[in-house]
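1. Here is the input, now give the coordinates:
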Amino acid sequence: MSRFNVRIYGICIQHNQVLVNEELIKGRTVIKFPGGGLDLGEGPIDGLKREWKEELNLDIEITDHFYTTDFYQPSAFDDSQVISIYYFVHIADDAPLINLVPGERSYWLPLNALTAETFTLPIDRVVGDMLRKLFV
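-> Numbers count the residues shown, from 1 in each chain. Okay, the predicted model is just below:
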């Protein structure tokens, strides 16, 4: 490992559904929570707000920290160690859901359909399982 790779994600739950993204990353279809990489010089909250604005054109309110990676996770894509931070976020009920990134889509997944296997990446799987235990 040559560096840390800090990722920030938002968990948005409305009407018993959670918002997820489907993305193509290095040729793999990945189902994950909306968010992405933290840029040098920004804090996690500012980075999360930036990511949601860039990807979904949504202004978010961050309500609570939910989880930060507490185990060693090598990246599946490069030689970094991944550390992911998850926050609960709120968006306006009438906010349009439009993913601005070509080739990506965002959609609402019913909480009762949520399993750890819903998600592709290992840390998201841990968070998905935590959410299932909390809400289902």
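2. Surely residue 50 touches residue 44?
-> No: using Cβ atoms under 8 Å, residue 50 is not in contact with residue 44; the gap is 10.6 Å. Every residue, glycine included, has its C-beta placed from N, CA and C.
3. okay, those two: which has more neighbours?
-> Neighbour comparison, residue 50 and residue 44: the larger count goes to residue 44, with 19 against 16 (by other Cβ atoms under 10 Å).
4. ok, the residue most central in space within the chain - contacts?
-> The centroid of the chain falls nearest to residue 33 when counting by Cα atoms, centre = their mean (2.6 Å). Residue 33 is in contact with 9, 10, 11, 19, 20, 21, 86, 119, 124, 127, counting by Cβ atoms under 8 Å, 6 or more residues apart in numbering.
5. how far away is it from residue 40?
-> Using Cβ to Cβ, to the nearest Å, one gets 22 Å for the distance from residue 33 to residue 40.
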